[in-house]
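Undergrad: A structural model of the following input is requested.
(2 chains)
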Amino acid sequence: MTQAAEIVVEKLTKDYGTLRAVDQISFVVPKGQVVGFLGPNGAGKSTTIRMLTCYLPPTGGTATVAGHDIFFDSLAVREKVGYLPESAPVYTDMRVCEYLDFKARLRGMDRAKRQQRVDYVLDRCWLKDRRNSLIATLSKGYRQRVGIADALLHNPPVVVLDEPTVGLDPAQIREARKLIGELAGDHTVLLSTHILQEVELICQRVIVIARGKIVAQGTPEELKLKLAEGTMSPLRLVVDVRGPQEQVSSALAAMPGVTHVEVLSSGAACRLAIRGQAGADLRERVAQMIIQRGWALREMKVEGATLEEFFVQITDPAAIAAA
Amino acid sequence: MSVTMTLARRETTGLFYSPIAYVVMAIFLLFLGFFFGLLEFVPGQPAGMRQVFTLSRYALIFVVPLMTMGLLADEFKSGRIEMLRTSPITEVQIVLGKFGGAMMFYLALLACTLIYVALLVIYGRPDFGPLVSSYLGMILMGGMFIAIGLFYSSVTQNQIVAAMASMVTLLFLGIICGQVAPMLPELPLIGEGGRAALRWLAVETHMEDFAKGVIGTAHVVYFLGINALFLFLTYVVLESRKWR
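TA: Numbering: from 1, shown residues only, chains lettered A, B, ... in the order given. You can find the predicted model right below:
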C-alpha cells in the first residue's frame, strides 16, 4: 500500500540568468514522514525549498504541495505550509507574543483560536518565559525558536525547515531535534541541513542534492549500504602501526583485496584506514603482514560506514560531473 | 480586508516605535508651531492657518520621505520579505497595508496640528470652511506623497536612496513645477502646452482652491489619481521583484 505523497516534485528547475541552481530535480515526500534534504553549501537546497514554499517562482518543472500546485495555486500552498527560512526573519521591534499574534492574524485566525494556538506554540517551543520579550533582545537560538513557533502556529500539514539547528547551542539543538522528531506522523516535515548526524537521528528518508541535482535518495541505512555497491567495502579497517609510514602504506596498498589506504596520522606511529573489496575480511592478513615485516601492531579496529563518508563520496564534484 | 488591516496596524506601530519617526514628527511640529506663533497667532491677523498650511506643504516634502523610506526597503534588506511572501497574503494586501499604516501615522501627525485650531477657536473666530477644506486637501496631498515615497521604497534596499529619490520627486512636483516653470522662457520645444502641463503637475495649483474653502473635483482627481498611480507602480515592482 503506497502512502499518499504530500510533496510531489517533477523536473523542477531554477535558473539565475545563466547559472542553473536547480537542475530538473524530481522527488516525492510521503505524508507524515520527516525527510531530510542534505547537501553541501550551494547545492540548491534552499533554492528548492524556496520554490516549494512559493517564495521563488520556478523556471521550469512543477511541484505540488499538499495537493496544490506551487505556481498556479500558491495561496493555498502557503496556507498549508509552515516555513522556517534560513535567516529566520522576524520583526525585531515586536514582542514574541505580539509577533506570533500578528502572524496568526495574517492567517485569518479569530481571537479565541489565536490565543489558544499562540499559547500552545509558546509552550511547545520553550518560549513561555520569553513571552513578553522584545525580539531584538533575544539570542539567535531564541529567535530560531520563534521562527519554529511561527511555522507551527497554524498547525500546517506540511512543515518546511531550512537549517533549523544552525546557530543553536548543543542543548538547544538536542531540544529542537526532539521537537522535529515529534512532529512526524501528524505533519509532513521537509528539513534541509548539512549536519549529517541530524539526518541520521531524525529523518526517515534522505534526499542528497549537490550542484543542483539529486545524487541519492533513500533511508539513512539504505544510503550506507550503497557504499557497498561500489567496489568498496562498507567497513573500514583502522590500524595503528609503529613503523615508517610510507613503507607501511605501500605495503598495505600492495596487498591483494585492498582498494584504498588513507593516512589518518603519522609520526612515531602511524594510523591508517584501509578499505577492501566488498565482502573481504582483511583483518587476519593485515595483522600477519605487519608482524612479518617487523612492525609493531598497536591497534586494529573495524569501523562501520558512516553517512559522512557516503556524503563526501557522493557529493564529490568529479563524481557528479562523471554522472 | 483583515489581512490588510493587520499589516497596516503593524506598520503604524512600527513607525511609532521607530525613533526616526518621533524625531521627524517633533521637528515638523516645532517648525510649524514656530511659524504659527510668528505669522498667524498675532493680534490683528485674521483667524486662519493659510500660511501654516503652505509651509507645512514644503515641510512634508522632506518629512514624508523620511517616514516612508523604510516601508519596503527594510523588508527586502532584512530578508523579512521572505516571511511575507511565504505567508498566505497577496502583493495587493502588502501594498495597501503598508500604505494604510503610513497613512494612519500621517493622520496622527496632522491631528497634532489641531491644537492650532483649538487656539484659534479660543482666541478668535476662525472661518471653518477653509479650515476643513484645507485639512482635506492636506490629507489628499499626504496620501499622494506617501504613495510616491512607498514606490521608491519598493525599488531599492537602501533607505537613504529611497528617501532621496522621493524628495527629488516631491521637490519637482511641489516646488519646481509651481515656482520655476512659469519663469521659464517660452522654449520652442516646450511651448504653451508644456507649460500648462507643468502647471497641472504642480501641487500648489491644486491646493489653492482647498485653501480658499473650495473642494474642486478636478483637484481631488489629481491627488487621488497620482496616489493610485504610484500604488499601482509599487504593486508592479513587488510582483516583478519575485522574478529576479
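
Undergrad: Now do the same contact list for residue A:7.
TA: Applying Cβ atoms under 8 Å, 6 or more residues apart in numbering or on different chains, we find residue A:7 in contact with A:28, A:29, A:52, A:63, A:64, A:65, A:66, A:158, A:188, A:190. For the C-beta atoms, the positions are set from N, CA and C on the backbone; glycine is no exception.

Undergrad: before we move on, what SS does it have?
TA: strand (DSSP: H, G, I helix; E, B strand; the rest coil).

Undergrad: partners of it in the sheet?
TA: Beta-bridge partners recorded for residue A:7 (DSSP bridges): residue A:29, residue A:65.

Undergrad: Considering the contacts of residue A:7, which is situated nearest to chain B?
TA: Minimum distance to chain B across those is 9.8 Å, recorded for residue A:52 (Cβ to the nearest Cβ).

Undergrad: dump the residue contacts of the closest one.
TA: Here residue A:52 is in contact with A:7, A:9, A:63, A:65, A:70, A:81, A:160, A:190 (Cβ under 8 Å, 6+ apart).

Undergrad: try 7 Å this time
TA: A:7, A:63, A:65, A:70, A:160 (Cβ atoms under 7 Å, 6 or more residues apart in numbering or on different chains).

Undergrad: Dump the residues you listed into TSV; add pLDDT as well.
TA: Formatted as TSV, the contacts of residue A:52 follow (pLDDT from 0 to 100):
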residue	pLDDT
A:7	91
A:63	95
A:65	94
A:70	93
A:160	95
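
Undergrad: Any of these buried? List them.
TA: A:7, A:63, A:65, A:70, A:160 (16 or more other Cβ atoms under 10 Å in any protein chain shown).

Undergrad: where exactly do the helices run in the chain?
TA: Just so you know, I chose chain A. Per DSSP state H, chain A carries helices over the ranges A:45-52, A:74-80, A:96-106, A:111-124, A:140-152, A:170-183, A:196-202, A:220-229, A:245-254, A:283-292, A:307-314, A:317-322.

Undergrad: you looked at the wrong chain, it should be chain B
TA: Using DSSP H, helices in chain B cover B:2-17, B:19-35, B:50-68, B:73-78, B:80-85, B:91-112, B:114-123, B:128-155, B:159-171, B:191-201, B:203-212, B:217-241.

Undergrad: Out of the ones you listed, which gets the lowest mean score?
TA: The minimum mean pLDDT among the helices of chain B belongs to helix B:191-201 (a mean of 78).

Undergrad: Now do that one against helix B:203-212, angle only.
TA: Calculated by axes from the mean of the first three to the mean of the last three Cα atoms, to 10 degrees, helix B:191-201 forms an angle of 50 degrees with helix B:203-212.

Undergrad: where does the stretch 101-250 of chain A dip in pLDDT?
TA: A:226-234 (pLDDT under 70).

Undergrad: Around chain B, which positions in it sit nearby?
TA: A:102, A:105, A:106, A:107 (Cβ under 7 Å from any Cβ of the partner chain).

Undergrad: residue contacts, the second one?
TA: Meaning residue A:105. Residue A:105 touches A:114, B:6, counting by Cβ under 7 Å, 6+ apart.

Undergrad: tell me the domain ranges of chain A?
TA: Chain A resolves into domains spanning A:5-226, A:235-303 when parsed by automatic domain parsing.

Undergrad: and chain B, which residues reach chain A?
TA: B:3, B:6, B:10, B:14, B:17, B:78-80, B:82-83, B:85-89, B:242-243.

Undergrad: Separate out the buried members of those residues.
TA: B:3, B:6, B:10, B:14, B:78, B:80, B:82-83, B:85-89.

Undergrad: thinking residue B:3 is in contact with residue B:92, fair?
TA: No: judged on Cβ atoms under 7 Å, residue B:3 makes no contact with residue B:92 at a distance of 9.9 Å.

Undergrad: got the buried residues for stretch A:98-111?
TA: A:98, A:99, A:100, A:101, A:102, A:103, A:104, A:105, A:106, A:107, A:109.

Undergrad: residues contacting the last one?
TA: By that I understand residue A:109. Applying Cβ under 7 Å, 6+ apart, the residues near residue A:109 are A:117, A:154.

Undergrad: Against residue A:102, how distant is it?
TA: 11 Å (Cβ to Cβ, to the nearest Å).

Undergrad: Stretch A:263-277 - what's its average pLDDT?
TA: Rounded mean pLDDT across stretch A:263-277 is 84.

Undergrad: for the residue in the stretch 201-323 of chain A positioned nearest to chain B, phi and psi?
TA: As assessed by Cβ to the nearest Cβ, chain B sits closest to residue A:212 within the stretch 201-323 of chain A, at 18.9 Å. Backbone torsions for residue A:212, taken as degrees, to the nearest 10, come to phi 80, psi 0.

Undergrad: Surely it and residue A:16 touch.
TA: No: assessed by Cβ under 7 Å, residue A:212 is found out of contact with residue A:16, at 10.8 Å.

Undergrad: higher neighbour count, these two?
TA: Using other Cβ atoms under 10 Å in any protein chain shown, the more surrounded residue of residue A:212 and residue A:16 is residue A:212, with 22 against 12.

Undergrad: which ones are touching the more buried one?
TA: A:20, A:21, A:22, A:23, A:44.

Undergrad: Residue A:240 - how many residues pack around it?
TA: Residue A:240 is flanked by 16 other residues according to other Cβ under 10 Å.

Undergrad: What pLDDT is listed against the residue nearest to it when sequence neighbours are not counted?
TA: Leaving aside its chain neighbours, residue A:240 sits nearest to residue A:299 (3.8 Å; criterion: Cβ to Cβ, 6 or more residues apart in numbering or on different chains). Here, the pLDDT recorded for residue A:299 equals 90.

Undergrad: quick one: residue A:299 from residue A:238, how far?
TA: Residue A:299 is 8 Å from residue A:238, by Cβ to Cβ.

Undergrad: Likewise for residue B:25?
TA: 70 Å.

Undergrad: Please consider this matter closed, and thank you.
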